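>>> next come a sequence and a model predicted from it.
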Protein chains: 2
Amino acid sequence: MKKENIGIVETQVFNLPHELELENGEKLRDVQLAYETYGKLNPEKSNAILICHALTGDAHAAGLHKGDSKSGWWDIMIGPGKTIDTDRYFVICSNVLGGCKGSTGPSSINPETGKQYGADFPFITVADMVKAQKELVDHFGIQKLFAVIGGSMGGVQVLQWSVTYPDYVTKAIAIATTARSSPQQIAFNEVARIAILSDPKWNNGDYYSGSAPTHGLALARMIGHITYLSDASMHQKFGRKLQNKEQYDYNLGFDFEVESYLHYQGQSFTKRFDANSYLYITKALDYFDLSRKESLIEGMKTAKAKFLIVAVSSDWLYPPYQSREIVSALSANELDVTYREIESNYGHDAFLLESGQLGYLIGNFLSHTIVSDVMRNDIVSIRQGISIEETARVMFEKGITHLPVVTENDELTGIVTSWDISKAVALKCKTLDGIMTKDVLTVKGNEDIETAAKKMEQNNISALPVVDDDNKIIGIIGSEEINRLIGGYR
Amino acid sequence: MKKENIGIVETQVFNLPHELELENGEKLRDVQLAYETYGKLNPEKSNAILICHALTGDAHAAGLHKGDSKSGWWDIMIGPGKTIDTDRYFVICSNVLGGCKGSTGPSSINPETGKQYGADFPFITVADMVKAQKELVDHFGIQKLFAVIGGSMGGVQVLQWSVTYPDYVTKAIAIATTARSSPQQIAFNEVARIAILSDPKWNNGDYYSGSAPTHGLALARMIGHITYLSDASMHQKFGRKLQNKEQYDYNLGFDFEVESYLHYQGQSFTKRFDANSYLYITKALDYFDLSRKESLIEGMKTAKAKFLIVAVSSDWLYPPYQSREIVSALSANELDVTYREIESNYGHDAFLLESGQLGYLIGNFLSHTIVSDVMRNDIVSIRQGISIEETARVMFEKGITHLPVVTENDELTGIVTSWDISKAVALKCKTLDGIMTKDVLTVKGNEDIETAAKKMEQNNISALPVVDDDNKIIGIIGSEEINRLIGGYR
């Protein structure tokens, strides 16, 4: 399949309909989230994928903004024909609460004062970020996300989603991440914060009318940047190469390329990020800990999704042992979890760069979809023996054309369609029994969706009841929603 | 053997007799080095061990300063009966050039201006530090150090010593170190420097009359401190324990113990270290690269010492692969090198803490001493056939009592002592041949010093000629110097 760029995209703004109650007890009014979407939500709203961004990411995950030549931060993964195929999936990415790229954060106007929040912004948590995202997902009327995907702090949000809103997540993909911040991660965040707080221009967070603490923020970014690379990738990228010179300068300027590179990264970061957001978001990361009573098994008990957990061999900031810890906790809860460690020299940054390995893993994980992953389970059925009039009323009220008929024990015994009702009226038939289809085609929840699609196509029907081993109905699946997911819908 | 503390020690000052020409071409006048010594230099000056300190260390390696309750930084290793046994060895430790603990550095008075150097201090290198130390060693009249030992930046100096002054180093012990700073090491040094340079109080290095850039220096130390610990040791030491509280504060203060610990480390560091020294010494480390034309084998070609290279399993700042790189280069140069990786969770700091494992390795390495390690090779001998008068004159002039007699081919054929001369005078004997001992006891250079000591003791003689396989004399070894090294001299 040809991989294409999505083309021009635009960031939208969603205004939360009510105030947001935060984990620390405070309330935030007039919260907005910046978001982008790619692809088309199917009528069943079953093909939505939420992408969660990392510490300094934003809603612009893919495509181009008008007049801009730089693609979104995960453009290598998202687009028509790409791993996260926008011809199949409806992709949503929103800037986190506390951020500075369009979502409510410390640089937003505080409705109480009419001035930027600054250090008056309440301290948020990852659970708060996810709670705000959940409002956005609700706004689309999506009752279940086909997948939630993210790396680093994005992965942290994925895990939080799976634990807090277990019924909303079918598949969860968490890359290069952790279920609780380690003391080393906290330590690096703290020195980055101290860099900002020590800059006199930080001015207790009140700098929006003057000049920003760019020195401190640049330094924070430089520290962070070292932790995103691996020792090996730095050897490869820089070695001991000097910066445009043949010999040492013997002064306090840059001698080495690696120094100049870090400065450049630090400097350019200050043009796109707000220092207060850096403080608040790193604090949220530090607070992140899914364990309950020191037990991650206990803390992840509520999760229901299927998980793909991916670690990076050379990632020393979010080392593989943290991913394996997640896998252990999920396995102990008897969840379906796949663990992969990708071989890469890129260090933590691999989640943004290793499109080949990640594409293969994520692509496989998304496409291996079974019926129960996508079936609707808000099924309406009728009991055997009720009247044609009653049946017609249910159909009309619920707006559906296929109605499963069940026994007293909820066993599927037939199916009745609006066509059958017309037939009954024409033939003056009074009971269901005479007109319903009794030899009903069904699928099992654990059948592959491709098998289900084939059944529907071959028999020229548009929906199949999903039954368990006792022939009890547990859901219904339509051809349209399946076809989109298997790529037959373009 | 009972391990004791050395007791009260005092830092001395050595004034370099002439100006020091630095690697960058500049010259430094009136250079002084602060140093301490422990134990007693033997008459042969063959039992001296130089200890090199790490980035923020000083000359106070062991014992106590009067009125102080804190021992020197390597007191666990140095003292009577300890691994570096001050009953056997004469231990020297000096504060590095560029430092701030008594040696000439940026906080010293510039004799040209009468004011502190500050940022006018010339940029020094590790080779410069070692060059200054060499002056101190010369000052003691030591022509060969029994060992040079150091960890981290101390190890870097050990390697520099072995390459620059190969004839001065018998044994070299380099722990948790590298032969060239990696881009990641440079990067961490650079962010630490930026922390200092960004502090407005740094004031271009001119802060000695005002207040020092303590914020910047504390931050630099905090960053450094994270790199000295391992992820595992931080889990062990702190985990996610909160600092004197039951729940998160939801503010920008410390929530976690690890944060409070780092702050404390940063703060207390500013009381004992000069920010400019931190800048200069980290730059010297960045410049450190023993390779020549990108080849470490080429760069370490001149070395002659026996090496013990020790790495720490959990050290990610100076990872074991850097130690193995040193070992490869030394082996390729056919040098005698022993490599050990100690198992420790302490990270880089293990070189200061793992006294058990390090003590065992260093103790073994120091005690496995062969005759050629400690023999004098400034031997005086006389040719077979010369007169008694001539022999007596040589003895008198050189102030020695044992004179080896050699053939034209330098083969050892006898030994003559002052006692033999007296005998010849009494017996009116005119030639050596009649009175010299012909059946001379000798040792080989590769024999263990304990064997040599036994030979001398059993035969009641005080010195042995050292010969090669062709019976040619290559040195002489005395019982006194040996006895001290094997611990028989107290």
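Okay, I see it.

>>> excluding covalently adjacent residues, which one is nearest to A:V31?
Counting by C-beta to C-beta, 6 or more residues apart in numbering or on different chains, A:L16 is the residue found nearest to A:V31 once chain neighbours are left out, at 4.2 Å. For the C-beta atoms, the positions are set from N, CA and C on the backbone; glycine is no exception.

>>> residues near that neighbour, how many?
If you count neighbours by other C-beta atoms under 10 Å in any protein chain shown, A:L16 ends up with 20.

>>> next one: it from chain B, what distance?
Taking C-beta to the nearest C-beta, to the nearest Å as the measure, A:L16 falls 21 Å from chain B.

>>> I'd say that residue and A:A132 touch.
Yes: counting by C-beta atoms under 8 Å, a contact exists between A:L16 and A:A132, whose distance comes to 6.6 Å.

>>> which residue is it, in the stretch 1-150 of chain A, that comes closest to chain B?
Per C-beta to the nearest C-beta, A:F123 is where the stretch 1-150 of chain A lies closest to chain B, at 3.8 Å.

>>> got a list of what that residue touches?
A:F123 makes contacts with A:22, A:24, A:280, A:283-284, B:248, B:250-251, as judged by C-beta atoms under 8 Å, 6 or more residues apart in numbering or on different chains.

>>> repeat that with 10 Å
A:22-24, A:26, A:98, A:279-280, A:283-284, A:287, B:248-252, B:255 (C-beta atoms under 10 Å, 6 or more residues apart in numbering or on different chains).

>>> among those, name the ones in strands.
Among these, no residue falls in strands (DSSP state E).

>>> buried ones from the residues you listed, can you make that a PyMOL selection?
Taking 16 or more other C-beta atoms under 10 Å in any protein chain shown as the burial criterion, the selection of buried members of these in PyMOL is written as:
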select buried, (chain A and resi 22+23+24+98+279+280+283+284+287) or (chain B and resi 248+250+252+255)
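
>>> just the ones of the contacts of A:F123 in helices?
Judged by DSSP state H, the subset of the contacts of A:F123 located in helices is A:279-280, A:283-284, A:287.

>>> format those as CSV; extra columns: pLDDT.
As requested, those are arranged in CSV below (pLDDT from 0 to 100):
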residue, pLDDT
A:L279, 98
A:Y280, 98
A:K283, 98
A:A284, 98
A:Y287, 98
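
>>> out of these, which are close to chain B?
Applying C-beta under 10 Å from any C-beta of the partner chain to these, one finds that A:279-280, A:283, A:287 fall near chain B.

>>> in the stretch 101-250 of chain A, what residue spans correspond to strands?
Here the stretch 101-250 of chain A has its strands, by DSSP state E, counting those that start in this stretch, at A:109-110, A:115-116, A:145-151, A:169-175.

>>> check which helices and strands the strand or helix carrying A:Y360 sits against.
When elements are assigned from DSSP states H and E, A:Y360 belongs to helix A:355-367. Applying 3 or more C-beta pairs under 10 Å, 6 or more residues apart in numbering or on different chains; DSSP states H and E, we find helix A:355-367 packed against strand A:84-85, strand A:145-151, strand A:169-175, strand A:306-312, strand A:337-342, helix A:350-353.

>>> A:T113: what's it in contact with?
A:T113 sits next to A:D120 when contact means C-beta under 10 Å, 6+ apart.

>>> what sits against the nearest residue to A:F365 once chain neighbours are set aside?
Distances taken as C-beta to C-beta, 6+ apart place A:L308 nearest to A:F365, at 4.3 Å, with adjacent residues excluded. Under the criterion of C-beta under 10 Å, 6+ apart, the neighbours of A:L308 are A:147, A:149, A:158, A:171-175, A:336-340, A:361-362, A:364-366.

>>> ok, 7 Å please
With contacts defined as C-beta atoms under 7 Å, 6 or more residues apart in numbering or on different chains, A:L308 is in contact with A:173, A:338, A:361, A:365.

>>> re earlier: deepest-packed of the strands of the stretch 101-250 of chain A, please.
strand A:145-151 (a mean of 28; mean count of other C-beta atoms under 10 Å in any protein chain shown).

>>> from the chain's centroid, how far away is it?
Shown here is strand A:145-151, whose average C-alpha point lies 3 Å from the average C-alpha point of the whole chain (C-alpha atoms, centre = their mean, to the nearest Å).

>>> can you list the neighbours in contact with stretch A:144-160?
Applying C-beta under 7 Å, 6+ apart, the set of residues contacting stretch A:144-160 from outside is A:46-55, A:89, A:126-127, A:129-130, A:137, A:161, A:167-179, A:285, A:288, A:290, A:318, A:326, A:348, A:351, A:366.

>>> residues in the stretch 151-300 of chain A within reach of chain B, list them.
Residues of the stretch 151-300 of chain A found near chain B (C-beta under 7 Å from any C-beta of the partner chain) are A:180, A:182-184, A:186-188, A:190-191, A:193-195, A:197-198, A:200, A:215, A:219, A:222-223, A:226, A:231, A:234-235, A:238-240, A:248, A:250-252, A:255-256, A:258-259, A:262, A:279, A:286-287, A:289.

>>> of those residues, buried ones?
A:180, A:182-184, A:186-188, A:190-191, A:193-195, A:197-198, A:215, A:219, A:222-223, A:226, A:231, A:234, A:238, A:240, A:248, A:250, A:252, A:255-256, A:258-259, A:262, A:279, A:286-287, A:289.

>>> right, and A:N471 touches A:L412 too?
Yes: in this structure, A:N471 is within contact of A:L412 by C-beta atoms under 7 Å, at 5.5 Å.

>>> so the two - more neighbours on which side?
A direct count of neighbours by other C-beta under 10 Å for A:N471 and A:L412 places A:L412 higher, at 21 against 16.

>>> over to the more buried one. Which of the three states is it?
Secondary structure assignment for A:L412 (DSSP: H, G, I helix; E, B strand; the rest coil): strand.

>>> from chain B, how far off is it?
For A:L412 relative to chain B (C-beta to the nearest C-beta), the value is 51 Å.

>>> just the pLDDT for that residue.
For A:L412, the pLDDT comes out at 91.

>>> just give me the neighbour total for A:E257.
If you count neighbours by other C-beta under 10 Å, A:E257 ends up with 18.

>>> per-residue confidence for it?
Looking at A:E257, its pLDDT stands at 97.

>>> now the one 4 residues further on
Looking at A:Y261, its pLDDT is 97.

>>> try the one 5 residues further on
At A:G266, the predicted lDDT confidence score is 97.

>>> how about stretch A:326-345: buried residues?
In stretch A:326-345, residues buried by neighbour count (16+ other C-beta under 10 Å) are A:326-330, A:333, A:335, A:337-340, A:342, A:344-345.

>>> also stretch A:344-363?
For stretch A:344-363, burial by neighbour count (16+ other C-beta under 10 Å) applies to A:344-352, A:354, A:357-359, A:361-362.

>>> picking up where we left off before, want to throw the helices and strands packed on helix A:355-367 into TSV with mean pLDDT and distance to A:D30?
What follows is the helices and strands packed on helix A:355-367, written out as TSV (pLDDT from 0 to 100; distance: least, C-beta to C-beta, whole Å):
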stretch	mean pLDDT	distance to A:D30
strand A:84-85	96	32
strand A:145-151	98	26
strand A:169-175	97	28
strand A:306-312	98	35
strand A:337-342	96	39
helix A:350-353	95	32
